[in-house]
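K.L.:
Mind folding the following:
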Amino acid sequence: MSRTVEERQKKKTRGRSVKYMDYTLLIMIVLLLGFGLVMLYSTSAYNATLKTGDSAYYLKKQAGAAALGFVLLFFCVKMDYHWFRKFAGLGYAAAFVLCLLVNFTGKSSNGSSRWLYIGPVSFQPSELAKVAIILYLATVISKRPKAMRSLSNNIKLLISVLPIVGVVAYNNLSTAIIILGIAFIMVFVSSPKYLPFVLVVLALAAVAALFIVVGTSGGAEGSYRLERIMIWQNPENYEKGYQTLQGLYAIGSGGLFGKGLGESIQKLGFLPEAQNDMIFSIICEELGLFGAISVILMFILLLWRFMMIALKAKDMFGSYLLIGIMAHIALQVVLNIAVVTNSIPNTGVTLPFVSYGGTSIMFLIAEMGVALSVSKDMQMDL
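P.N.:
Numbers count the residues shown, from 1 in each chain. Predicted structure coming up:
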């Protein structure tokens with residue numbers, strides 16, 4: 001008799017959605033951000049003192065942007081994530097216009113224009129483009145899931161993101177690569193036919209390899225289009241390879257457990273702009289191999305939570321939002337660490353939650369708010 005009652009209860013509750021938010025994900029976000037702020041201060045204090053007289057200059061700006069990001073996170077968590085679908089097309093168009101505008105009126109830094117100024121506030125539209133692409137693709141794929149079974153529709157969808165990729169690539173190739181990577185991964189996951197995508201990747205790899213071999217064998221060492229590749233191969237032979245070498249020195253000198261927090265030598269003017277793309281090398285120097293592995297494990301746990309939410313999301317739109325966010329974080333982490341260790345040519349990619357960048361940290365935290373909003377509606381069987 002008791003078994004019959006128990007079975008009835010299971011039938012009543014099976015598939016029922018439970019109000020829940022992924023607090024594990026929230027804790028991971030706070031831990032990564034807290035670690036990032038500590039390492040940012042440790043890395044940037046010397047440089048900030050020389051430039052501004054305030055050792056906490058970069059820390060204050062990053063913390064301010066993070067605070068604004070948490071305001072956006074709170075807003076995203078409170079909103080039903082389906083509400084954002086209404087603005088998918090508008091977001092794509094706005095990101096395209098802003099990225100186009102920055103090529104003509106943006107502030108130039110290190111030979112490229114990437115920032116727009118709205119009054120006293122600087123803004124990097126390419127960071128908005130990453131979020132816009134995720135929202136746009138999640139909306140299109142979730143509305144037409146059957147269409148994604150066709151290879152021609154997959155190609156058309158990828159072609160639809162090329163305009164914004166091209167506009168961003170004009171001044172920011174690394175971000176354009178990430179945007180295209182996000183799009184490729186989302187469309188790849190949506191398609192049941194994996195072989196064509198594998199063939200495309202192999203073809204692109206073959207073209208890239210041919211480009212490198214032909215370029216280097218032709219003696220075009222001074223060629224601008226091969227400069228980064230030549231620096232990657234032999235950084236000691238080029239003036240622009242100085243940053244790469246100093247980063248490798250920092251990694252090598254850290255040993256197993258590092259020199260100690262705040263004890264880095266390379267950040268004292270030897271490694272240029274250490275608080276930006278190369279901050280992982282300072283982590284290795286101060287915290288050693290143990291610290292580097294710990295950081296990588298934190299990102300792996302973060303990606304694992306994204307995957308769990310994507311698998312248990314209430315609908316396809318929520319799942320693809322998480323797939324896009326997961327692709328964004330994974331690509332940036334892999335590319336940043338690969339660049340710092342000189343495994344690939346320098347692309348200027350920041351380490352999420354750790355590298356200095358106000359626009360980047362603000363939109364990253366806002367993305368986390370979207371992920372948490374999806375987690376509230378996860379399907380939990382009672």
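K.L.:
any weak-confidence spans in the stretch 251-382 of the chain?
P.N.:
Per-residue confidence of the stretch 251-382 of the chain (counting by pLDDT under 70) places the weak regions at 379-382.
K.L.:
Where is the longest helix in the protein?
P.N.:
Ranked by residue count under DSSP state H, the longest helix found in the chain is helix 279-312.
K.L.:
ok, then the element right after it?
P.N.:
Later in the chain than helix 279-312, the nearest helix or strand by DSSP states H and E is helix 316-340.
K.L.:
ok, and for the helix or strand Arg228 falls within, which residues are buried?
P.N.:
Secondary structure assignment for Arg228, by DSSP H and E: helix 224-233. For helix 224-233, the buried set under the neighbour-count rule, 16 or more other C-beta atoms under 10 Å, comprises 226, 228-232. Where you see a C-beta, it was placed from the backbone N, CA and C, and this is true even at glycine.
K.L.:
With stretch 352-361 instead?
P.N.:
For stretch 352-361, a neighbour-count test (16+ other C-beta under 10 Å) marks 352-361 as buried.
K.L.:
what do you get for stretch 315-334?
P.N.:
Neighbour counts over stretch 315-334 (16+ other C-beta under 10 Å) mark 317-334 as buried.
K.L.:
which SSE is Leu116 in?
P.N.:
Secondary structure here is read from DSSP H and E; on that basis Leu116 sits in strand 112-118.
K.L.:
who does that strand touch, helix- and strand-wise?
P.N.:
helix 88-105, strand 107-109, strand 121-123 (3 or more C-beta pairs under 8 Å, 6 or more residues apart in numbering; DSSP states H and E).
K.L.:
switch the cut-off to 10 Å
P.N.:
Under the contact criterion of 3 or more C-beta pairs under 10 Å, 6 or more residues apart in numbering; DSSP states H and E, the helices and strands touching strand 112-118 comprise helix 88-105, strand 107-109, strand 121-123, helix 125-143, helix 358-375.
K.L.:
got the buried residues for the fourth one?
P.N.:
The neighbour-count criterion (16+ other C-beta under 10 Å) identifies 125-142 as the buried residues of helix 125-143.
K.L.:
angle of that helix against helix 316-340?
P.N.:
Going by axes from the mean of the first three to the mean of the last three C-alpha atoms, to 10 degrees, helix 125-143 is angled at 140 degrees with respect to helix 316-340.
K.L.:
Which elements pack onto the helix or strand just after helix 125-143?
P.N.:
Heading C-terminal from helix 125-143, the first helix or strand you meet, by DSSP H and E, is helix 151-160. Using 3+ C-beta pairs under 10 Å, 6+ apart as the contact criterion, the neighbours of helix 151-160 among helices and strands are helix 125-143, helix 173-190, helix 195-217.
K.L.:
what sits up against helix 151-160?
P.N.:
Taking contacts as C-beta atoms under 10 Å, 6 or more residues apart in numbering, the residues outside helix 151-160 that touch it are 92, 136-137, 140-141, 144, 146-148, 150, 165, 180, 183-184, 186-188, 190-191, 193, 195-197, 200.
K.L.:
Pull out the buried residues from whatever helix or strand comes next after it.
P.N.:
The element immediately downstream of helix 151-160 (helix or strand, assigned by DSSP H and E) is helix 162-169. In terms of neighbour count (16+ other C-beta under 10 Å), helix 162-169 has its buried residues at 164-165, 167-169.
K.L.:
count of neighbours near the residue lying closest to Met378 once chain neighbours are set aside?
P.N.:
In space, Met378 comes closest to Lys312 once its chain neighbours are excluded; the distance is 4.2 Å by C-beta to C-beta, 6 or more residues apart in numbering. One way to gauge burial is a neighbour count; for Lys312, by other C-beta atoms under 10 Å, it gives 19.
K.L.:
Pretty sure Lys312 sits against Val374.
P.N.:
Yes: under the criterion of C-beta atoms under 10 Å, Lys312 is in contact with Val374, at a separation of 9.3 Å.
K.L.:
who touches both of these two?
P.N.:
Taking C-beta under 10 Å, 6+ apart as the criterion, Lys312 and Val374 both touch 22, 318-319, 322.
K.L.:
quick one: secondary structure of Phe257?
P.N.:
For Phe257, the secondary-structure state derived from DSSP: H, G, I helix; E, B strand; the rest coil is coil.
K.L.:
Roughly how far does the closest residue to it other than its chain neighbours sit from Gly254?
P.N.:
Across the structure, with C-beta to C-beta, 6+ apart as the measure, the residue nearest Phe257 apart from its sequence neighbours is Gly288 (4.3 Å). Gly288 sits 4 Å away from Gly254 when distances are taken as C-beta to C-beta, to the nearest Å.
K.L.:
Neighbour count for those two, which is higher?
P.N.:
More neighbours sit around Gly254 than around the other of Gly288 and Gly254, counting by other C-beta under 10 Å; the figures are 25 against 20.
K.L.:
Let me know whether that one touches Ile293 as I believe.
P.N.:
No: the pair formed by Gly254 and Ile293 falls short of the contact definition of C-beta under 10 Å, at 11.7 Å.
K.L.:
Verify the contact between Trp115 and Thr359 for me.
P.N.:
Yes: because the distance of 8.2 Å satisfies C-beta under 10 Å, Trp115 is recorded as touching Thr359.
K.L.:
tell me, what's touching these two both at once?
P.N.:
Once C-beta under 10 Å, 6+ apart is applied, the residues that Trp115 and Thr359 both contact turn out to be 121-126.
K.L.:
Lowest pLDDT pick from these?
P.N.:
Among the shared contacts of Trp115 and Thr359, Val121 has the lowest pLDDT, at 70.
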